[in-house]
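A.B. asks: no sequence on this one, just coordinates:
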């Protein structure tokens, strides 16, 4: 992934940040044995996915034409020692 711009968009950063906060909320309430708070955290996680998808639809995500899924940079030929 380092060779591509995968995830380097406002939509991706926002969605992942909201989902991360949701996981933290759910984890904290799970440790405190509060099921209602846990499920509220899980709702926040789903909300992160929805927000990311809406932002991508608004044009804040990476267009599919820019970086096709199966297009990879060519690797250099291996170096062989000749005796």
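C.D. replies: Structure received. Everything quoted here is computed from the prediction, not taken from an experiment.
A.B. asks: so which helix or strand takes in residue 76?
C.D. replies: Taking DSSP states H and E as the definition, residue 76 sits outside all helices and strands.
A.B. asks: what do you get for residue 54?
C.D. replies: Counting by DSSP H and E, the element that carries residue 54 is helix 35-55.
A.B. asks: Would you mind checking the average pLDDT for that helix?
C.D. replies: For helix 35-55, the mean per-residue pLDDT is 94.
A.B. asks: I'd like to know which elements it is packed against.
C.D. replies: Applying 3 or more C-beta pairs under 8 Å, 6 or more residues apart in numbering; DSSP states H and E, one finds that helix 35-55 contacts helix 10-31. C-beta: built from backbone N, CA, C; applies to glycine.
A.B. asks: Go ahead and measure how far the helix it packs on is from the middle of the chain.
C.D. replies: The offset between the C-alpha centroid of helix 10-31 and the centroid of the whole chain comes to 11 Å, using C-alpha atoms, centre = their mean, to the nearest Å.
A.B. asks: okay, the angle between that helix and helix 35-55?
C.D. replies: When axes from the mean of the first three to the mean of the last three C-alpha atoms, to 10 degrees is applied, the directions of helix 10-31 and helix 35-55 differ by 170 degrees.
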